[in-house]
Structures are given as C-alpha cells and as structure tokens.
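J.: A structural model of the following input is requested.
(one chain, ligands or ions: 2)
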Amino acid sequence: MARTCLTLILAAGEGTRMRSDLPKVLHPVAGLPMISHVIRASVGAASDAIGVVVGNSSDDVAEIATGESNSVEIHIQDKRLGTAHAVMSAKGALDRGYDDVLVLFGDAPLLRHETLTRMRDTLAAGANVAVLGFRTDRPDGYGRMVEEGGKLVRIREHFEASEEERRINLCNGGIMAIDGANALELVNSITNDNAKGEYYLTDIVEIAGNRGLEVIAMEASASELLGVNNQVELSEAEHIWQQRAREQAMLEGVSMSAPHTVFLHHDTELAQGVSIEPNAVFGAGVRVSAGAQIRAFSYLEGAEIGENTVVGPYARIRPGTVMEKGSKAGNFVEVKNAHVREGAKINHLSYVGDGDIGRNANIGAGTIFCNYDGTNKHKTVIGEGAFVGSNSSLIAPVTIGDGAYVASGSTVTDDVPDDAMGVARGRQVNKEGYAKAIRKRSQAEKGK
Ligand code: UD1
Ligand code: MG
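T.: Ligands and ions are numbered 1, 2, ... in the order given. A predicted model of the protein is given here:
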C-alpha cells in the first residue's frame, strides 16, 4: 500500500527583513506567492495532508494557503519559539499518524517536488530522518551539517558553531523528512537549551542518532534551497525561477533568441514551435499556441494567442484578448477584451478595446475603438472581411458589417451595413491658387 504523507510548511516567521507590509511568504515569485510554490511542491510529492504553520494574525496567508489545495490545514504558532516548536504546533496533525512527515519552509519557493519524492523514497528505504543540505562557498548564517565517519551526527546552528564547524560548507537547507512512527516523539524530545533559547528542529539529528536511528544527509543544489529573507534574495529567487522556466520552455521546443530578457509568469503556457524575440514579458494567464511569433518588446497578459499568429513588435495584449489562428497585432497595437478572429490583421498603431473582429478583417493604421463613454464600456463589432481605413475612430457601440469599408479618417457613430462603405468625414475641397496667394500676401506684409 502506498505510504501516507503529512507535509508541514513552517511560515510563522515575521519576515521583518523584507521591510514590507505584505507577509513574507506572500511575496510573489513569477507572480505566485512563495507559500503557493511550496504547497504545489508538496502536492507534487503526493502529500495526503499539508499543514501550514502560521503566526497570529496571518489571515491573508491562511486564505491563500487554503485556496491552493483542499489538503491544506492551518496551524497557529502563537509564540515564535523555534522550528521544533513550530512543528509541535501541528501536533494535532502528527497525532493522526502518517508514514512520512516532511518539514519545509514557506520562504524557500524553489524546492522541486522531485526532490521531496526522493526524500520520501529514502524514508521508504528505511531511513528515520533525512536532511536535505547543499554546498556553498558562503555558508554564513546556515546550520552546518556535521559528519563523522561519513555519517551525519548533528546540525550545528551558525550561531553556536565552533571555528572549525564554521568551515564546513555543507549547510542545512531546512528541509527534513522524518519517519512518521518516530516523528512526534523525536520532536517532542527537543529542548531549548542553546544560545538563543529556541527549540531547534535541527537537534533531531543528534537525538535520533543517539537512539540508533538511521539519519541520512541528502543534497540538492544551493539554488533549489535558496531561502528568501529580504528583497535581494527575493529577486534572486525570481531570477533562478525565470532561468528554470525558460530552459524548460526551450527544451519543450520554444525558441528564444535572448532568453535572459524574456519574463514568464508561473502560469504561462507556451506550445512547441512558439518563437519569442527579446524583451517579451508575460503577465498572468497567457497561453500561446504553436507557430505563434511573439516579437520583441511585447507585453501580454490574460490572453489566448492562437496558432501562427504574430504579436508585436511592441504590442500590448491585455486581459480578455483572444487571437485566433493566423491573426496579427503589430507594432504599437493595444488589444483589450477583444476577439480577433482567424486571419484578421491589426498592423499598426491602434487601440482595439471591447471588440469582435471578423475573419480576415483589416484594421488600418491608427484605428481607435472608442469603447468608453466616461461611464460605461461598449462593444465594437467588425464583420468578416471588413476593411477599416487608417485613422478612423469607431464610437462604440457600433457594428461594421461583413465586407464593409470604412473610409480613412472617419469618425464612425452609426452602423455600416454589409458590403457598404461608411464615409464619416468632411469632403475635400481644393481651392486653386489659394496657397500661392496667401504666401504672396504674407511676404508683402513682412516687407513693410
Ligand atoms: C534554519 C535552520 C538552519 C538552516 C536554515 C536554512 C533551524 C534551527 N535552523 O535557520 O539550520 O540552515 O534554516 O534556511 O531550524 N519558523 C516558524 N516558527 C518559529 C521559527 C521559525 O514558523 O518559531 C519558520 C520561519 O517562518 C521559516 C523557517 O521556520 O520559514 C525557518 O526559520 P528561520 O528563523 O528562518 O531559521 P534560520 O535561522 O534561517
Ligand atoms: Mg531563514
């Protein structure tokens, strides 16, 4: 039978070093709160229950966390007395008895679920405690993993470590896997007899070792275990996340000529065969289908970008946009809440807001959909194969019929029937010789 798993995510820290009103674990990486990243990794490792330990007055954290998964329960740690104390705040969950207990930190958002699965496998193979460490040239501040005779014997917090111990570059990443049969009893045995007077979860290593239980040191990369304590580290986490996501996308067949300039959102979906030019930014909720070209300096959010479409360069695609197969939104075009049907083109300098653009329609340069009357938004419908001449203003609500034309420079207030041409501007009058006469008069006046 499959082993059961309880994952505890410690997130009761105050995060004062963030210098932010937002609780630390709600700071986003790739647009997703850090706590959500950690919960998703826990779900990915097949946790049956996920306990998030928060401090008092963490309603926002609780709300986000419970919204992530039905398996999430919140435990309150009233006083911040250390990581072992935090684990004990979830005693109720531990009492239920699980085969595996994982302890994670809410501020380490880059942890992969594969690594957690690897730790669970280590428990399944008979280990009682597995600790995930990493190697670094800058171990300052971390707990050091002290090995003797190839065995992990204790973790010494930086604060309490001797000179010699401080030279150890294998650091505790904070992630632990404990066999459920022993977990509660082991954590309960931890005392606060140390320099800080805190209950250190890391003491579990020595306690378990002394009882002849099997303690295993595991390793992951330093980047995967990065903990975020301030805004600089938050930007490092973002950097690492972006690099990973770009690489993943490229391995799946997305081409990027300057990947380090492309910014993805946690939910960006890019199909095989999408090509992305430099400096494209993806906000929330963008899906791009095969063969689409996202050209340089485009910004997209909340959009469905169909097959073989072209977006940009310099396009701004806003929420509610659907671009069907073969359509185009070119340079300096802003599209919002609009359905651009198959083969339709908006090539230059336009604002298309609240619209439905028919198949193969052509929206000329400088066309503006006047969708807002100062109070309400209104819709503009462009028929199949219609042609809107350059520099037209379409005052919504308005419908341009199938196959209709709008003459350049029109300010369209009324519907244009199918196959008709709407001309809504003053007719041109040429006054012969007028320019010359004016010039002559001005020169005469200047000469006086
Ligand atoms: C901890 C580890 C250290 C490790 C480092 C990795 C201990 C004693 N030390 O140190 O070995 O190298 O992480 O980043 O575990 N928390 C609570 N309640 C508490 C205390 C902490 O929920 O009472 C939470 C914090 O919100 C945080 C996590 O536990 O998510 C770790 O706490 P933190 O104070 O950052 O521990 P470190 O000193 O970084
Ligand atoms: Mg920390």
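
J.: for ligand 1, what is the nearest residue in the stretch 101-250 of the chain?
T.: Nearest residue of the stretch 101-250 of the chain to ligand 1: residue 143, at 2.2 Å (C-beta to the nearest ligand atom). Every C-beta, even on glycine, is put in place using the N, C-alpha and C of the backbone.

J.: pLDDT at that residue, what is it?
T.: Here, the pLDDT recorded for residue 143 equals 95.

J.: and it, how many residues sit next to it?
T.: Counted with other C-beta atoms under 10 Å, residues neighbouring residue 143 total 27.

J.: beta partners for the closest residue to it other than its chain neighbours?
T.: Ranked by C-beta to C-beta, 6 or more residues apart in numbering and with sequence neighbours excluded, the top spatial neighbour of residue 143 is residue 172, at 3.9 Å. Counting by DSSP bridges, residue 172 is bridged to residue 133.

J.: likewise the one 5 residues further on?
T.: As for beta bridges, residue 177 partners with residue 102, residue 130 under DSSP bridges.

J.: how about the strands of the stretch 101-250 of the chain, start to end?
T.: Taking DSSP state E, counting those that start in this stretch as the test, the strands found in the stretch 101-250 of the chain are 129-135, 144-148, 151-156, 170-179, 215-219.

J.: TSV for the ones you listed, including mean neighbour count?
T.: Below are these laid out as TSV (neighbours: other C-beta atoms under 10 Å):
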stretch	mean neighbour count
strand 129-135	24
strand 144-148	19
strand 151-156	20
strand 170-179	25
strand 215-219	19
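
J.: just put these in CSV and tack on distance to residue 384.
T.: Listed next are those as CSV, based on distance: least, C-beta to C-beta, whole Å:
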stretch, distance to residue 384
strand 129-135, 59
strand 144-148, 67
strand 151-156, 69
strand 170-179, 57
strand 215-219, 61
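
J.: nearest to residue 29, out of the ones you listed?
T.: Closest to residue 29 of those, according to C-beta to C-beta: strand 170-179, at 16.9 Å.

J.: is any part of the closest one close to ligand 1?
T.: Yes: using C-beta under 6 Å from any ligand atom, strand 170-179 reaches ligand 1 at 171, 172, 173, 174.

J.: okay, that strand in PDB with CA atoms only?
T.: Only the C-alpha atoms of strand 170-179 are listed here, as PDB (Å, rounded to 0.1, in the frame of the first residue of the first chain):
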ATOM      1  CA  LEU A 170      27.600  21.500   3.700                       C
ATOM      2  CA  CYS A 171      24.600  23.500   5.000                       C
ATOM      3  CA  ASN A 172      21.200  22.600   6.200                       C
ATOM      4  CA  GLY A 173      18.700  23.700   3.700                       C
ATOM      5  CA  GLY A 174      15.900  23.300   6.300                       C
ATOM      6  CA  ILE A 175      14.000  20.500   4.500                       C
ATOM      7  CA  MET A 176      13.600  17.400   6.600                       C
ATOM      8  CA  ALA A 177      11.900  14.000   6.200                       C
ATOM      9  CA  ILE A 178      11.100  12.100   9.300                       C
ATOM     10  CA  ASP A 179       9.600   8.700   9.600                       C
END
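
J.: OK, contacts around the nearest residue to residue 397 once chain neighbours are set aside?
T.: Nearest residue to residue 397, sequence neighbours excluded (C-beta to C-beta, 6+ apart): residue 378, at 4.2 Å. When the contact criterion is C-beta atoms under 8 Å, 6 or more residues apart in numbering, the partners of residue 378 are 354, 371, 372, 396, 397.

J.: mind redoing it with 7 Å?
T.: Residue 378 is in contact with 354, 371, 396, 397, counting by C-beta atoms under 7 Å, 6 or more residues apart in numbering.

J.: the third one contacts residue 379, correct?
T.: Read it as residue 396. Yes: contact criterion C-beta atoms under 7 Å: residue 396 and residue 379 qualify, at 5.7 Å.

J.: spit out the residues that contact these two alike.
T.: Contact criterion C-beta under 7 Å, 6+ apart; residues shared by residue 396 and residue 379: residue 354.

J.: SS state for the closest residue to ligand 1 within the stretch 251-400 of the chain?
T.: Taking C-beta to the nearest ligand atom, ligand 1 has its nearest neighbour within the stretch 251-400 of the chain at residue 266, 20.2 Å off. Three-state call for residue 266 (DSSP: H, G, I helix; E, B strand; the rest coil): coil.

J.: same deal with residue 97?
T.: Going by three-state DSSP: residue 97 is coil.

J.: distance check, it against residue 400.
T.: 68 Å (C-beta to C-beta, to the nearest Å).

J.: ditto for residue 435
T.: Distance of residue 435 to residue 400, computed by C-beta to C-beta: 36 Å.

J.: ok, residue 410 next?
T.: For residue 410 relative to residue 400 (C-beta to C-beta), the value is 10 Å.

J.: between these two, which one's more packed in?
T.: Comparing residue 410 with residue 400 by other C-beta under 10 Å, the one with more neighbours is residue 400, at 28 against 22.
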